[in-house]
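**Q** Sequence plus predicted model, see below.
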Amino acid sequence: MSLHPIRLTVNGKPEEATVPAGMTLLEFLRERLFLTGAKEGCGAGECGACTVLLDGNPVTSCLVLAVEADGCEVRTIEGEAGEGDLSALQRAFIEEGAIQCGFCTPGMILSARALLERNPDPTDAQIVESIAGNLCRCTGYEAIVAAIRRAAKEERGRR
Amino acid sequence: MSEDKLRYVGQSVTREDGPDKATGAARYTHDLAFPGMLHVAILKSPHASAKIVRIDTAKAQAVPGVRAVLTGGALTYRLGIYLRDKQILANGIVRYQGEAVAAVAAETLDAAKKAVSLIEVEYAPRPAVLDARQALAKDAPLVHADLGSYDFMKGVFAPEAGTNVAHHQKIRAGNLEEGFRGSDLVHEASFETAPVQHVPLETHAAIAQALPGGRIEVWTSSQSPYTVRHLLALTFGLPHQAIRVHVPYVGGGFGGKAGLHLEPLAIVLSRAAGGRPVKVVATREEEFNTLPSRQGLHSTVKIGVTRDGKIQALQATYVWDAGAYADYGVNVGRAAAYSGAGPYAIPHCAIDSYVVYTNKVFGTAYRGFGHLEVLWAVERAIDQVAHKLGIDPFEFRMKNLLKAGDRTITGESVTPGHGRPDLCLEAVAKEIGWGTPSAQPEDPRKVRAKGLACLHKAPAMPTYTSCSAIIKLDEDGGADVLVSGVDYGQGTYTTLRQIAAEELKIQIERVHVINDCDTAFTPYDWQTVASRFSFMGGNAVIEASKDCLYQLKATAALALKVRPDEIELQDGFAFVATEPLRRIPYKDLALGYTFQNGSSVGGPVIGHGRYIATGLSHLDLETGQGKPAQFWTYGAHAVEIEVDTETGEVEVLKVATAIDAGKVLNPLQCRGQVVGGVVQGLGSALWEGFLFSEDGRLQNGSFTDYKIPTAKDTPHEIVPIFIETPQPDGPYGARGLAEHPMISIPSALGNALYNALAVDFDRIPLTAERIQQGIAARSRA
């Protein structure tokens, strides 16, 4: 398989690598950068566990090639918390009981992060829509929606 | 300690592992990697039933990077928790489409996949049996021709040699004929549930390393570290000390990660690859089609009642579609039989539960352990009988629910400590406004209606099931709690943390429940299934805490030069009861006390606690009489739905769920179990079910074709209600409730659909298509 040089920013840090043409962004993040917060739940873009932000947009990183991320800014769950401090979304997920097994959590939080950056005051329907591509088998989603609502409110209050 | 003095038990404490999981720091088996680790691809059978005539792996062996290629013929190990009917790879015969036939371990996953694609297999298809009832026929092809030679758990299971019956559970109470003779009305109906998948977001994964002297180290996404170790010891003929099993964070289980799955394959590949660590991760397709599912069920229920609505007799035949291997399925058939008449007092009862092999992906434990399936039949039939009698289904249930003084169908006396199904039913009926018809929407195509259903379940576990806990006090007076039950999301570690803080009389922030189970260090626990970990683990943690307190008092007494019974403990201090200012913080006692002159007394405080099921008995193989369970948890659901009569689509407006929890140890976590369970139950009720082709191939083994509920598919409102009738032997009076919210959700939906449409649905999932067809059939009639 042909090899390609890529340069990108991951969680604010510049990265350079040479990757095979067929390597997915998910594989690159997990296997090259050891950012294992993004999970593989299906490998087919159906479950959302591998969601990361590519130039601010949520993508299922199992369906994006690493070479496609060349020149892009990637954010993963590892970049969500501030210096020694959880983000409002992370805290709200914990406080509302929105985490059970936790395998969907990183992708869920990043889908929610993309929503809140576009729309700081979302309706419940918009929250539901934003995570409709992220499967969770444990929580029944109610607490996740509540957590995103709560974090949105807190982040608005800080502006 | 009186109820109102509890500091932590009963509070909505958040998960200790929340920050790990919210930041991506939590490491699951999927995330682990070791130097030199090999990756695995598996070749699966395309046939439901075939003889393997020839396998040629020469081309696979030649692929660069391949370190081991294995086929079933090279392996002689037998697997199976209750009935040893399975092998690591199919050997000579394939029994379901998707069964593992060969496996390759290679330096990269790509190399392993390429090698698998080059393995040549010649199959000779054999007759397949795909329907469990047809598999009972005398001339049906046998899925296991040598069933009679298999080892199995004697005295508990009854495989029938020369047939496809892996287990036949009988329950006999009273005199069935007398019961039906004394009935004014006898109603009979049949029902079906489809096989479904657990769909944990983390697929099964295992890493194994073969060590010198035959020893094995395993990291696995498992619900049951000690059962994995025990079954590996039996399978490989090793002493238990030669096997070490680690369980890191687990991304959901729901029963599907109990017992052995990919671990044996990783082990034999590691051995074949000279001891390199080998990682096997199931693809989502393998999760659907190679790893086990929930069994399908065909039920026939016959109920005899008096005119005034007292149930006299119930006869049920349950035919489970076990698929190709027995796994936990035989125990599902056993447990669902002793629960198979619902939470009702029934004087005359006969149940026959057959767990039947077919040539399909095999079944195992799944949240609810057969109860959702049998109660789909019983709770629908109960409504049908009520309608025939002209009695309100709520009133009919209230007349027949178990109460103290009654006997269960296995002869167990119901006591006040069993809990109150009647209070659960009353609570949900009130919450849904039972008796007040639904306000109908303006759209004439849409109909709203309500439905009810009851549920019960007890842990299905061996009579000797046990559990233990170790608590180590640290230099700073905090505590580490070690257990080997797994918190794969359900929240038990938080509950145990609350209990330990309460019992040790220290701040909860100072208690840490160790996450990674490791059979080398964390103490014995049977397995994390059956909604029994908070109950048993909670009791073990209470005892371990008391052991710590005893040791603290002993050291404090030496330090303060009083008798141990003069010492009291509170807020992390030991003090003389009559002179509270003479006190020592735990941190100065935890490793032993040192006097000012340097001399020391006591020693490190390490508490140990244990719990074992008591008073249980095997069920008599002929009558099913005995005491199968440590405790029962009762519950009820009420739902309100809106059906689109043109499309058959159902919108769930409200679900009220009441569970007699005994004691709510953590309202936030209990609510999480109810909401999550209800939505998972809706999956079984409305959408989920395997579809097989005529030749036995799974048609919908992917998220494209098999839909689980998304955030858009949830009810408008879910109202959890907790009744608290204390369980006398439960920790703080609590009983298990993790599986229960899912059970009887389909039944309540089915009953509401009848009330909406006057159509009796007998099969789940209640897809829009099926509902639409039901409406059309009613219109034609």
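**A** On my side now, so go ahead.
**Q** going forward, measure contacts between C-alpha atoms and count neighbours the same way
**A** Noted.
**Q** What does the pLDDT read for the closest residue to chain A within the stretch 51-200 of chain B?
**A** Of the stretch 51-200 of chain B, the residue with the smallest distance to chain A, taken as C-alpha to the nearest C-alpha, is B:P200 at 6.4 Å. B:P200 is assigned 98 on the pLDDT scale.
**Q** B:K257 is in contact with that one, correct?
**A** No. Here B:P200 does not reach B:K257: they are 9.0 Å apart, not a contact under C-alpha atoms under 8 Å.
**Q** Would you mind telling me which of the two has the busier surroundings?
**A** Neighbours per residue (other C-alpha atoms under 10 Å in any protein chain shown) separate B:P200 from B:K257, with B:K257 holding more: 29 against 25.
**Q** ok, and that one, which helix or strand is that part of?
**A** If you go by DSSP states H and E, B:K257 is not part of any helix or strand.
**Q** pretty sure it contacts B:A205?
**A** No. Under the criterion of C-alpha under 8 Å, B:K257 is not in contact with B:A205, lying 9.7 Å apart.
**Q** overlap in contacts of the two?
**A** Shared contacts of B:K257 and B:A205, defined by C-alpha atoms under 8 Å, 6 or more residues apart in numbering or on different chains, comprise B:S221.
**Q** so how far is A:G22 from B:D110?
**A** 11 Å (C-alpha to C-alpha, to the nearest Å).
**Q** what about B:K399, neighbour count?
**A** The burial count for B:K399: 16, using other C-alpha under 10 Å.
**Q** Give the helix, strand or coil label for it.
**A** What DSSP: H, G, I helix; E, B strand; the rest coil gives for B:K399 is helix.
**Q** Which residue comes closest to it once chain neighbours are left out?
**A** With sequence-adjacent residues excluded and distances taken as C-alpha to C-alpha, 6 or more residues apart in numbering or on different chains, B:K399 is closest to B:K310, at 6.6 Å.
**Q** one step back: mind listing what the residue of the stretch 51-200 of chain B closest to chain A touches?
**A** Per C-alpha under 8 Å, 6+ apart, neighbours of B:P200: A:R137, B:G251, B:G252, B:G253, B:F254.
**Q** rerun that using 10 Å as the cut-off
**A** Contact analysis of B:P200 by C-alpha atoms under 10 Å, 6 or more residues apart in numbering or on different chains lists A:41, A:101, A:103-104, A:135-138, B:250-257, B:284, B:287.
**Q** Just the ones of these in helices?
**A** Per DSSP state H, helices hold the following members of the contacts of B:P200: B:R284, B:E287.
**Q** count of neighbours near the residue in the stretch 301-450 of chain B that chain A sits nearest to?
**A** Nearest residue of the stretch 301-450 of chain B to chain A, counting by C-alpha to the nearest C-alpha: B:R367, 11.4 Å away. Using other C-alpha under 10 Å, B:R367 has 25 other residues around it.
**Q** Let's see the pLDDT reported for it.
**A** pLDDT, B:R367: 98.
**Q** again with B:L425
**A** For B:L425, the pLDDT comes out at 98.
**Q** Could you check how far the residue of the stretch 301-450 of chain B closest to chain A is from B:Q490?
**A** 12 Å.
**Q** tell me, what's touching these two both at once?
**A** With C-alpha under 10 Å, 6+ apart, B:R367 and B:Q490 have common neighbours B:G253, B:F254, B:S531, B:A738, B:E739.
**Q** Check pLDDT for the residues you listed and point me to the minimum.
**A** Of all of the shared contacts of B:R367 and B:Q490, B:S531 carries the lowest confidence score, 92.
**Q** I figured that one hits B:G485, correct?
**A** No. The criterion here is C-alpha atoms under 10 Å, and B:S531 misses it with B:G485 at 11.1 Å.
**Q** And those two? Which one has more around it.
**A** Neighbour count, other C-alpha under 10 Å: between B:S531 and B:G485, B:G485 has more, with 31 against 23.
**Q** My guess is that one contacts B:F533. True?
**A** Yes. Counting by C-alpha under 10 Å, B:F533 is a contact partner of B:G485 at 6.5 Å.
**Q** shared neighbours of these two, anything?
**A** What both B:G485 and B:F533 touch, as defined by C-alpha under 10 Å, 6+ apart, is the set B:C467, B:T492, B:Y493, B:D525, B:W526, B:Q527.
**Q** Now do the phi/psi pair for the fourth one.
**A** Think B:D525. Phi and psi for B:D525, reported as degrees, to the nearest 10, are phi -140, psi 140.
**Q** How about it: what's its closest non-neighbour residue?
**A** B:C467 (4.2 Å).
**Q** can you give me how far the strand or helix carrying that neighbour is from the chain middle?
**A** Following DSSP H and E, one finds B:C467 within strand B:466-473. Between the centre of strand B:466-473 and the centre of its chain there are 23 Å (C-alpha atoms, centre = their mean, to the nearest Å).
**Q** Tell me the helix or strand right after it.
**A** strand B:479-482.
**Q** what does that next one contact?
**A** Contacts of strand B:479-482 (C-alpha under 10 Å, 6+ apart): B:468-474, B:493, B:496-497, B:500-501, B:504, B:506-518, B:521-524, B:541, B:544-545, B:548, B:590, B:605-608.
**Q** how about 7 Å then?
**A** B:A469, B:I470, B:I471, B:K472, B:L473, B:R510, B:V511, B:H512, B:V513, B:I514, B:T522, B:P523 (C-alpha atoms under 7 Å, 6 or more residues apart in numbering or on different chains).
**Q** Name the next helix or strand following that strand along the chain.
**A** Taking DSSP H and E, what comes next after strand B:479-482 is helix B:492-504.
**Q** And the contacts of that following helix?
**A** B:7-9, B:15-16, B:487, B:507-508, B:511-513, B:534, B:538, B:541-542, B:545, B:549, B:665-666.
**Q** So which of these sit within strands?
**A** If you go by DSSP state E, those have B:V511, B:H512, B:V513 in strands.
**Q** which of those residues has the most neighbours?
**A** Within these, neighbour counts (other C-alpha under 10 Å) peak at B:V511, which reaches 26 neighbours.
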